[in-house]
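Enquirer: Dropping a prediction and its sequence here:
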Amino acid sequence: MWKKILALLFGFLILGLTVSGASATAGLVNGTVNGTVKLPPGFSPEKGPGDKVQPENAGAGIVVENFFGGFVPGIGWLVVIGGVALAISKYLYSKPVSEFTEAFYKELPDRISYNGQELAKGIESKNFWGTKVEIGYGYVKKKWGGLKKETVIVKSVITITRDEVKAVKDLFSPKEYGKLLAQAYLNGWDANKAKKLARGFAKEYKTFRAYYNARSLCGSVNCKPGEVIITEKSAKHIIEAHILVDSHPLKSKFEQLTAKQLLKLIKDTIENGEVNCAESRTDLKRIAIEKYQPKLGVKLRVVIQCIGKSRWKVITAFPVTKG
């Protein structure tokens with residue numbers, strides 16, 4: 001409730017700055033309902049050589065600057081242009097969405113060229129409550145001689161909801177998750193697919209169970225056959241290092257899989273793969289197991305560690321050399 005009140009006061013602040021001029025901030029923020037916040041030159045993103053390339057309907061009045069479009073309780077839909085777009089959006093979203101959006105948005109480049117158009121990054125609220133947000137690239141279209149502004153997202157990067165952010169809270173904070181998915185996008189993933197895989201893995205790893213029969217302990221690991229689990233730390237590592245972040249030359253192999261499929265391959269490798277003692281760390285009681293997986297087209301290596309006489313945990317899993 002306090003957030004809605006704050007948003008309402010913030011909206012009136014914007015309106016008040018428009019007419020009063022009494023505040024020193026009035027030179028920075030000048031907005032109206034469905035209006036545009038105009039910034040001094042120093043606060044606007046610098047324009048480059050590609051700025052002459054305009055989106056479709058350029059004659060209708062197009063602004064290619066960072067933007068935010070959202071609902072302000074008690075005020076209505078507000079469009080903000082320029083460097084304060086992110087700052088304003090933070091006040092209008094629920095906390096998980098706000099923190100995710102801030103981290104994701106900051107990782108993206110300010111502008112891209114897409115199908116011959118230059119587009120600016122922007123944020124668009126998808127409901128009145130600030131629990132669903134779309135982040136992408138587009139522009140602001142002026143209507144009615146500039147009296148009304150409309151955000152247009154041409155290339156959507158990701159749509160995120162409060163529930164989706166909270167679904168991975170055991171592994172990632174909203175800011176960690178936002179930065180992670182943005183990095184995945186910049187490394188070539190479809191951000192929405194990366195989000196789905198991460199969410200699925202975060203859900204499914206807790207019930208993962210495999211059995212290692214200790215067919216080889218590489219000579220010096222004093223452990224017995226037993227159950228293999230995936231811990232919170234291991235799940236986070238697998239998502240960060242081998243699913244979403246471009247840290248491995250074969251990481252794209254994981255893009256073909258759902259979370260359930262990947263966990264099934266990890267289980268199959270543990271139970272039916274060959275032990276590679278050369279890649280094992282017996283001093284840490286770690287065993288490397290490999291198996292060619294047709295779904296990947298390469299071998300999958302799973303490293304497990306003995307954490308009790310007959311209990312093991314997965315340390316990591318990643319694709320290796322071609323089979």
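Expert: Everything's here; your move. Residues are numbered from 1 along each chain as shown.

Enquirer: Now stretch 161-172: buried residues?
Expert: The neighbour-count check on stretch 161-172 (16 or more other C-beta atoms under 10 Å) flags Thr161, Arg162, Glu164, Val165, Ala167, Val168, Leu171, Phe172 as buried. Just so you know, the C-beta spots here come from the backbone N, C-alpha and C atoms, and that holds for glycine as well.

Enquirer: Give me the below-cutoff pLDDT ranges for the stretch 201-323 of the chain.
Expert: Across the stretch 201-323 of the chain, residues meeting the criterion (pLDDT under 70) sit at 242-253, 322-323.

Enquirer: can you pull out the strands in it?
Expert: Assigned by DSSP state E, counting those that start in this stretch, the strands in the stretch 201-323 of the chain fall at 210-212, 226-229, 274-275, 286-293, 298-308, 311-322.

Enquirer: Just tell me which of those ends up closest to Lys143.
Expert: Proximity to Lys143 (C-beta to C-beta) singles out strand 311-322 among those, at 50.8 Å.

Enquirer: That closest one pairs with which strands?
Expert: According to DSSP bridges, strand 311-322 forms sheet pairs with strand 226-229 (parallel), strand 298-308 (antiparallel).

Enquirer: Turn those into JSON lines, columns for mean neighbour count and distance to Gly138.
Expert: Formatted as JSON lines, the strands paired with strand 311-322 follow (neighbours: other C-beta atoms under 10 Å; distance: least, C-beta to C-beta, whole Å):
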{"stretch": "strand 226-229", "mean neighbour count": "18", "distance to Gly138": "45"}
{"stretch": "strand 298-308", "mean neighbour count": "20", "distance to Gly138": "38"}
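
Enquirer: Show me the one of those strands that comes nearest Glu279.
Expert: Among these, if distance is taken as C-beta to C-beta, the winner is strand 298-308, at 7.1 Å.

Enquirer: could you dump that closest one to PDB, C-alpha only?
Expert: Provided in PDB are the C-alpha atoms of strand 298-308 (Å, rounded to 0.1, in the frame of the first residue of the first chain):
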ATOM      1  CA  VAL A 298      28.800 -34.800 -27.200                       C
ATOM      2  CA  LYS A 299      29.900 -36.400 -23.900                       C
ATOM      3  CA  LEU A 300      28.500 -35.100 -20.700                       C
ATOM      4  CA  ARG A 301      30.900 -34.900 -17.800                       C
ATOM      5  CA  VAL A 302      29.500 -35.000 -14.300                       C
ATOM      6  CA  VAL A 303      31.700 -34.500 -11.300                       C
ATOM      7  CA  ILE A 304      30.500 -35.900  -8.000                       C
ATOM      8  CA  GLN A 305      32.000 -35.700  -4.500                       C
ATOM      9  CA  CYS A 306      31.800 -38.000  -1.600                       C
ATOM     10  CA  ILE A 307      30.200 -36.300   1.400                       C
ATOM     11  CA  GLY A 308      29.800 -39.300   3.600                       C
END
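
Enquirer: Other residues contacting that strand?
Expert: Contacts to strand 298-308, defined as C-beta atoms under 8 Å, 6 or more residues apart in numbering, come from residues 212, 221, 223, 226, 228, 250, 253, 265-266, 269-270, 273, 276, 279-280, 284-293, 312-323.

Enquirer: Centre-most residue in the protein?
Expert: Leu181 (2.4 Å; C-alpha atoms, centre = their mean).

Enquirer: which ones are touching that one?
Expert: Phe104, Ile158, Ala191, Ala194, Lys195, Ala198, Leu244 are the contacts of Leu181 under C-beta under 8 Å, 6+ apart.

Enquirer: circling back to that earlier point, how about a markdown table for the strands paired with strand 311-322, with distance to Ser94 added?
Expert: Converted to a markdown table, those look like this (distance: least, C-beta to C-beta, whole Å):
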| stretch | distance to Ser94 |
| --- | --- |
| strand 226-229 | 33 |
| strand 298-308 | 38 |
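
Enquirer: With respect to Leu119, which of those strands lies nearest?
Expert: The nearest among these, by C-beta to C-beta, is strand 298-308 at 36.5 Å.

Enquirer: What strands flank the longest strand seen in the chain, and is each parallel or antiparallel?
Expert: Counting residues, the longest strand found in the chain (DSSP state E) is strand 148-161. Counting by DSSP bridges, the strands paired with strand 148-161 are strand 132-143 (antiparallel).

Enquirer: Mind listing what's buried along the partner strand?
Expert: Lys132, Val133, Glu134, Ile135, Gly136, Tyr137, Gly138, Tyr139, Val140, Lys141, Lys142.

Enquirer: that older thread, the strands of the stretch 201-323 of the chain into CSV, with extra columns for distance to Lys149?
Expert: Shown next, in CSV, are the strands of the stretch 201-323 of the chain (distance: least, C-beta to C-beta, whole Å):
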stretch, distance to Lys149
strand 210-212, 55
strand 226-229, 53
strand 274-275, 62
strand 286-293, 51
strand 298-308, 50
strand 311-322, 47
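
Enquirer: And the helices in the stretch 51-200 of the chain?
Expert: 85-92, 95-107, 162-166, 174-186, 191-204 (DSSP state H, counting those that start in this stretch).

Enquirer: Need the ones you listed in a markdown table (columns: distance to Val152).
Expert: As requested, those are exported to a markdown table (distance: least, C-beta to C-beta, whole Å):
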| stretch | distance to Val152 |
| --- | --- |
| helix 85-92 | 15 |
| helix 95-107 | 17 |
| helix 162-166 | 24 |
| helix 174-186 | 20 |
| helix 191-204 | 19 |
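
Enquirer: Done for today, thanks.
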